[in-house]
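**Student:** what follows is a predicted structure for the sequence shown.
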Amino acid sequence: VQLVESGGGLVQAGGSLRLSCTASGFTFDDYAIGWFRQAPGKEREGVVCHSSDDDSTHYVDSVKGRFTISSDNAKNTVYLQMNSLKPDDTAVYYCAAALSSCHNPYDYWGQGTQVTVSS
């Protein structure tokens, strides 16, 4: 079982990036998928989570209207489209999977991908 993120990089403020999270060994159908981030010297923060049990999506206030989570079930991949990026968005971004609900413990984690937003 593995989650692999990709798509991070260096972008100027106002730019966009799309992160990908591809699963192997299980399918996303029965799992809630969350994106988290951790900036240097800060605690890990939940960015967005989509629950499979009730098809709900929850964004942290700081990214609402700028970030969008989506999925391609055929590719077993979840995406995080990040627009209007700000320097404060600089962090290592992780995807994680929890059984059914965002409120359940996250069983699987990716290795992370670095996002750096320059001012």
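**Tutor:** Arrived safely, thanks for sending.

**Student:** residue 43: neighbouring residues, count only.
**Tutor:** Using other C-beta atoms under 10 Å, residue 43 has 6 neighbouring residues. Quick note: C-beta positions are derived from backbone N, CA and C, even for glycine.

**Student:** an error on my part: the question was meant for residue 101.
**Tutor:** For residue 101, the neighbour count with other C-beta under 10 Å is 14.

**Student:** for it, which three-state class applies?
**Tutor:** The three-state label given to residue 101 by DSSP: H, G, I helix; E, B strand; the rest coil is coil.

**Student:** one more: residue 88?
**Tutor:** helix.

**Student:** neighbours of it, just the number please.
**Tutor:** 11.

**Student:** do residue 39 as well
**Tutor:** Around residue 39 there are 14 residues (other C-beta under 10 Å).

**Student:** quick one: the strands in the protein?
**Tutor:** Remark: strands assigned in the chain by DSSP state E are 2-6, 9-12, 17-24, 31-38, 45-50, 57-59, 67-72, 77-82, 91-99, 106-109, 113-118.

**Student:** quick one: the residue most central in space within the chain from residue 17, how far?
**Tutor:** Central residue of the chain (C-alpha atoms, centre = their mean): residue 35, 2.6 Å from the mean position. Distance, residue 35 to residue 17, using C-beta to C-beta, to the nearest Å: 12 Å.

**Student:** and what of residue 44?
**Tutor:** For residue 44, the distance to residue 17 equals 19 Å [C-beta to C-beta].

**Student:** do the same with residue 61
**Tutor:** Taking C-beta to C-beta, one finds residue 61 at 20 Å from residue 17.

**Student:** those two: who's more crowded?
**Tutor:** The neighbour count for residue 61 versus residue 17, taken as other C-beta under 10 Å, is higher for residue 17 (20 against 6).

**Student:** just the pLDDT at that one, thanks.
**Tutor:** As predicted, residue 17 sits at a pLDDT of 98.

**Student:** cool, and residue 29?
**Tutor:** For residue 29, the model assigns a pLDDT of 84.

**Student:** with that, I have no additional questions.
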